[in-house]
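Enquirer: Structure, please.
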Amino acid sequence: MSFASTSLRALAVFAATAVVVSAPARAAEVSQRAVLDNYANIVAANYADSVAGAKALQGAVNEFIAAPSEVGLAKARKEWLAAREWYGQTEAFRFYGGPIDDEKGPEGLINAWPLDEAYIDYVDGKAKAGVINNAKTKITAKNLRALNERGGEENIATGWHAIEFLLWGQDLNDNGAGDRKFTDYVDGKAPNADRRRVYLQTVTDMLVADLESVAKQWAPNAKNYRSRFVAGGNDSVKKILTGIGTLSRGELAGERIEVALDTQAQEDEHSCFADNTHRDIVTNAQGIQNVWEGRYKGRDGKVVEGASLKALVAQKNAKLADTTSANIAGTVKLTEAIKAPFDREIIGDAKAPGRQRVQAVVDALKKQAGSLVEAAQALGIKRLNTAV
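Expert: Reported below is the predicted structural model:
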């Protein structure tokens with residue numbers, strides 16, 4: 001066989017081999033509808049966990065008011081803290097007029113703050129303050145709904161923080177949470193103990209009912225908000241990005257952290273009675289990551305995972321998708337570095353270690369919000385409002 005023949009044969013073999021080892025096939029394209037479906041699955045799972053947490057709190061509250069004790073109060077507090085871990089992540093589903101915060105949404109009844117304690121119960125120096133100590137006001141769900149935010153945004157009568165205040169009382173301790181005594185709920189030990197029991201039970205029942213109403217709107221296979229949302233195309237994708245972008249910049253970085261940094265006031269922290277603000281910040285940041293990555297680990301340990309915003313953006317700009325993921329993961333890590341109690345972290349000048357830790361979170365949230373705006377633009381969404 002001639003050299004030329006040998007060479008031609010070798011080229012033929014090489015060509016055949018080259019076909020076999022060609023570049024791997026492209027991953028299947030992520031569809032917009034798949035992203036919306038997975039988002040809805042995550043929302044439904046997270047709200048279901050929030051309802052379950054609130055029901056566990058409800059059970060502990062019912063046990064406590066039936067036979068008030070120090071042990072019972074401690075259990076109710078524990079369940080409140082546990083339930084907040086799940087609700088905090090759901091706040092990534094806000095800010096676009098969904099079931100939680102449209103014109104008729106119950107968000108203001110669920111999580112409104114800051115709260116004027118004296119609107120509900122006695123405070124230091126005002127032994128007869130609040131609805132509880134006003135026998136003329138009947139304590140019912142209907143009345144408390146009407147009283148919520150009546151006459152001022154801080155006149156909060158219901159929700160997580162009303163329950164928090166009723167369980168912990170005012171936080172008068174610089175280095176710890178409030179220390180309400182269980183005897184506040186014992187007849188003969190404290191004025192209006194009976195009304196305090198009714199109030200605590202009523203607002204806890206209301207919290208469960210309001211969360212259930214939101215969860216129902218995200219249930220699968222029903223004619224509800226979810227069914228319209230997953231068919232909403234570009235508009236629904238914009239809503240998702242608006243939710244996590246606004247929570248990143250306007251709400252969490254701005255309202256919840258920068259205001260407190262500026263005033264250095266305990267009253268401006270989110271969960272001031274239980275000293276749980278550091279965890280509120282972590283769970284909010286985690287909720288944003290859940291939505292972006294399309295992955296949620298539930299209360300039972302099961303994972304809901306599927307087509308993600310990240311994957312959708314990566315089809316347009318892979319580098320931007322990776323950068324956004326890194327920014328969001330970095331923010332979560334920084335939130336976990338904040339030390340409790342938060343009201344001590346914000347004290348001091350700009351060089352104070354606590355303030356530096358908190359400021360680092362603000363800076364990271366702003367950075368990730370910028371990345372989310374770019375991600376929206378990559379998807380053809382020209383304007384994304386991240387202000388509250």
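
Enquirer: contacting residues around the residue lying closest to residue 204 once chain neighbours are set aside?
Expert: Spatially, and ignoring its direct neighbours in sequence, residue 204 is nearest to residue 61 (4.7 Å; C-beta to C-beta, 6 or more residues apart in numbering). For the C-beta atoms, the positions are set from N, CA and C on the backbone; glycine is no exception. Contact partners of residue 61, counting by C-beta atoms under 8 Å, 6 or more residues apart in numbering, are 76, 79, 163, 200-201, 204.

Enquirer: Quick check: the two most widely separated of those residues?
Expert: Greatest spacing in the contacts of residue 61, by C-beta to C-beta: 79 and 201 (14.0 Å).

Enquirer: higher neighbour count, these two?
Expert: residue 79 (23 against 18; other C-beta atoms under 10 Å).

Enquirer: For that one, pull up the helix or strand it's in.
Expert: helix 70-90 (DSSP states H and E).

Enquirer: Check which helices and strands the helix or strand that that helix is followed by sits against.
Expert: Next helix or strand after helix 70-90 toward the C-terminus (DSSP H and E): helix 107-110. Packing contacts for helix 107-110, counted by 3 or more C-beta pairs under 8 Å, 6 or more residues apart in numbering; DSSP states H and E, involve helix 193-217.

Enquirer: angle of the helix it packs on against helix 70-90?
Expert: Angle of helix 193-217 versus helix 70-90, following axes from the mean of the first three to the mean of the last three C-alpha atoms, to 10 degrees, is 30 degrees.

Enquirer: just to revisit the earlier point, look at the residue nearest to residue 204 and report its pLDDT.
Expert: On the pLDDT scale, residue 61 is placed at 98.

Enquirer: Now do the helices in the stretch 201-350 of the chain.
Expert: 225-229, 233-246, 259-263, 277-293, 309-314, 318-335, 342-345 (DSSP state H, counting those that start in this stretch).

Enquirer: out of the ones you listed, which comes closest to residue 167?
Expert: helix 277-293 (15.5 Å).

Enquirer: Return the angle between stretch directions for that closest one and helix 70-90.
Expert: 30 degrees.

Enquirer: Would you mind measuring the gap between the ends of stretch 131-149?
Expert: 13 Å (C-alpha to C-alpha, to the nearest Å).

Enquirer: That should have said stretch 166-182, apologies.
Expert: 10 Å.

Enquirer: got it, and stretch 297-314?
Expert: 23 Å.

Enquirer: buried sites along that stretch?
Expert: Neighbour-count burial for stretch 297-314 flags 299, 304, 306-314 (criterion: 16 or more other C-beta atoms under 10 Å).

Enquirer: Can you name the residues in contact with stretch 224-239?
Expert: 32-33, 35-37, 40, 43-44, 96-99, 216-220, 309, 312, 376, 379-381, 384.

Enquirer: contacting residues for the spatially closest residue to residue 387 that is not a sequence neighbour?
Expert: Ranked by C-beta to C-beta, 6+ apart and with sequence neighbours excluded, the top spatial neighbour of residue 387 is residue 250, at 4.3 Å. Applying C-beta under 8 Å, 6+ apart, we find residue 250 in contact with 95, 386-388.

Enquirer: how about CSV for those residues, with secondary structure, neighbour count and pLDDT added?
Expert: Formatted as CSV, the contacts of residue 250 follow (DSSP: H, G, I helix; E, B strand; the rest coil; neighbours: other C-beta atoms under 10 Å; pLDDT from 0 to 100):
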residue, secondary structure, neighbour count, pLDDT
95, coil, 23, 97
386, coil, 25, 90
387, coil, 11, 85
388, coil, 14, 70
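
Enquirer: Check these and tell me the two furthest apart.
Expert: 95 and 387 (9.8 Å).

Enquirer: okay, and the common contacts of the two?
Expert: Residues touching both residue 95 and residue 387 (C-beta under 8 Å, 6+ apart): 246, 250.

Enquirer: Tell me where the stretch 1-150 of the chain has helices.
Expert: Under DSSP H, counting those that start in this stretch, the stretch 1-150 of the chain gives helices at 3-20, 32-66, 70-90, 107-110, 141-147.

Enquirer: The second one: which residues count as buried?
Expert: It refers to helix 32-66. For helix 32-66, by 16+ other C-beta under 10 Å, it's 32, 34-58, 60-61, 63-65.

Enquirer: With the last one instead?
Expert: For helix 141-147, the buried set under the neighbour-count rule, 16+ other C-beta under 10 Å, comprises 144-145, 147.

Enquirer: Minimum distance to residue 295: which of the helices of the stretch 1-150 of the chain has it?
Expert: helix 32-66 (7.8 Å).

Enquirer: want to try a markdown table for the helices of the stretch 1-150 of the chain, with distance to residue 367 as columns?
Expert: Below are the helices of the stretch 1-150 of the chain laid out as a markdown table (distance: least, C-beta to C-beta, whole Å):
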| stretch | distance to residue 367 |
| --- | --- |
| helix 3-20 | 44 |
| helix 32-66 | 23 |
| helix 70-90 | 21 |
| helix 107-110 | 27 |
| helix 141-147 | 40 |
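
Enquirer: Looking at those helices, which is nearest to residue 274?
Expert: helix 70-90 (6.6 Å).

Enquirer: by contact count, what packs against the closest one?
Expert: helix 32-66, helix 160-168, helix 277-293.

Enquirer: now those in TSV, with distance to residue 135?
Expert: Conversion of the helices and strands packed on helix 70-90 to TSV gives the following (distance: least, C-beta to C-beta, whole Å):
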stretch	distance to residue 135
helix 32-66	19
helix 160-168	18
helix 277-293	34
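
Enquirer: low-confidence ranges in the stretch 51-200 of the chain?
Expert: Residues of the stretch 51-200 of the chain meeting the criterion pLDDT under 70: none.

Enquirer: Please tell me how far the closest residue to residue 152 other than its chain neighbours sits from residue 136.
Expert: With sequence-adjacent residues excluded and distances taken as C-beta to C-beta, 6+ apart, residue 152 is closest to residue 116, at 7.4 Å. Residue 116 is 19 Å from residue 136, where distance means C-beta to C-beta, to the nearest Å.
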